[in-house]
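> no sequence for this one, just the structure:
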């Protein structure tokens, strides 16, 4: 799971312009990084200036997903990830970036200016590389899933042991018929506690 690009675009006033961005292209070769960076900026800008852009949108292109958040204030935030990146975390990142940008810069500043620094983008691109660390809900869900797997394995092993005991009792010639009857009755009494 990887976040490649985070950017904020000015959509109003036109033309659409990239106000700030941050990339992490360390997974690409040195000579590929510049063309990939240009491709991502170009495609992000094309999506940001699209006439039929909805407030929240996802666009898949080859092995990338472009998450877009259009704000009524006239800006559009774009995050580019790989296909495996969780949607919930990408949308949380979009909201955070948009809020931080609008808190840092007034409309008067960004509507007239060129590129604007937003240092928090560097922190976000590092933090959000691991979605479980960035999103506490996702981390809790993963912990619950792991606990559930352990519980299922424990229950399965308990059930297997129960079946093995049944087979042992049935095959045992050393037990008297009254002992076998006692075991069967005890099992019926405890059947309320069997987990299926």
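On my side now, so go ahead. These numbers come from a predicted model, not from an experiment.
> going forward, measure contacts between C-alpha atoms and count neighbours the same way
Will do.
> how's this protein carved up into domains?
Domains of the chain are assigned by automatic domain parsing as 3-134, 141-193.
> can I get those domains in TSV with mean pLDDT?
Converted to TSV, the domains of the chain look like this (pLDDT from 0 to 100):
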stretch	mean pLDDT
domain 3-134	88
domain 141-193	64
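> quick one, which of those is packed in tightest?
Ranked by mean neighbour count under mean count of other CA atoms under 10 Å, those are led by domain 3-134, which reaches a mean of 17.
> Can you tell me the SS state at residue 4?
Using DSSP: H, G, I helix; E, B strand; the rest coil, the secondary structure recorded for residue 4 is strand.
> What's the separation between the residue lying closest to it once chain neighbours are set aside and residue 18?
Of all residues not flanking residue 4 in the chain, residue 24 sits nearest, at 4.9 Å (CA to CA, 6 or more residues apart in numbering). Counting by CA to CA, to the nearest Å, the separation of residue 24 from residue 18 is 17 Å.
> which stretches of the chain form strands?
For the chain, the strands defined by DSSP state E cover 3-10, 17-23, 56-61, 64-70, 75-82.
> Can I get those in CSV including distance to residue 96?
What follows is the strands of the chain, written out as CSV (distance: least, CA to CA, whole Å):
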stretch, distance to residue 96
strand 3-10, 11
strand 17-23, 14
strand 56-61, 14
strand 64-70, 11
strand 75-82, 10
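> Can you say which of those strands is nearest to residue 111?
With CA to CA as the criterion, residue 111 lies closest to strand 3-10 of these, at 7.0 Å.
> who does the closest one touch, helix- and strand-wise?
strand 17-23, helix 30-48, strand 75-82, helix 87-104, helix 120-127 (3 or more CA pairs under 8 Å, 6 or more residues apart in numbering; DSSP states H and E).
> mind giving me a markdown table with these and columns for distance to residue 6?
Putting these into a markdown table (distance: least, CA to CA, whole Å) gives the following:
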| stretch | distance to residue 6 |
| --- | --- |
| strand 17-23 | 5 |
| helix 30-48 | 9 |
| strand 75-82 | 5 |
| helix 87-104 | 8 |
| helix 120-127 | 7 |
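> Of those, which is nearest residue 113?
With CA to CA as the measure, strand 17-23 is the member of these nearest residue 113 (8.1 Å).
> Now the phi/psi pair for residue 54, please.
Phi and psi for residue 54, reported as degrees, to the nearest 10, are phi -90, psi 170.
> Nearest residue to the middle of this structure?
Nearest residue to the geometric centre of the chain (CA atoms, centre = their mean): residue 86, 2.5 Å.
> sorry, back to before: OK, contacts around the residue nearest to residue 4?
With contacts taken as CA atoms under 8 Å, 6 or more residues apart in numbering, residue 24 has the following neighbours: 3-5, 125.
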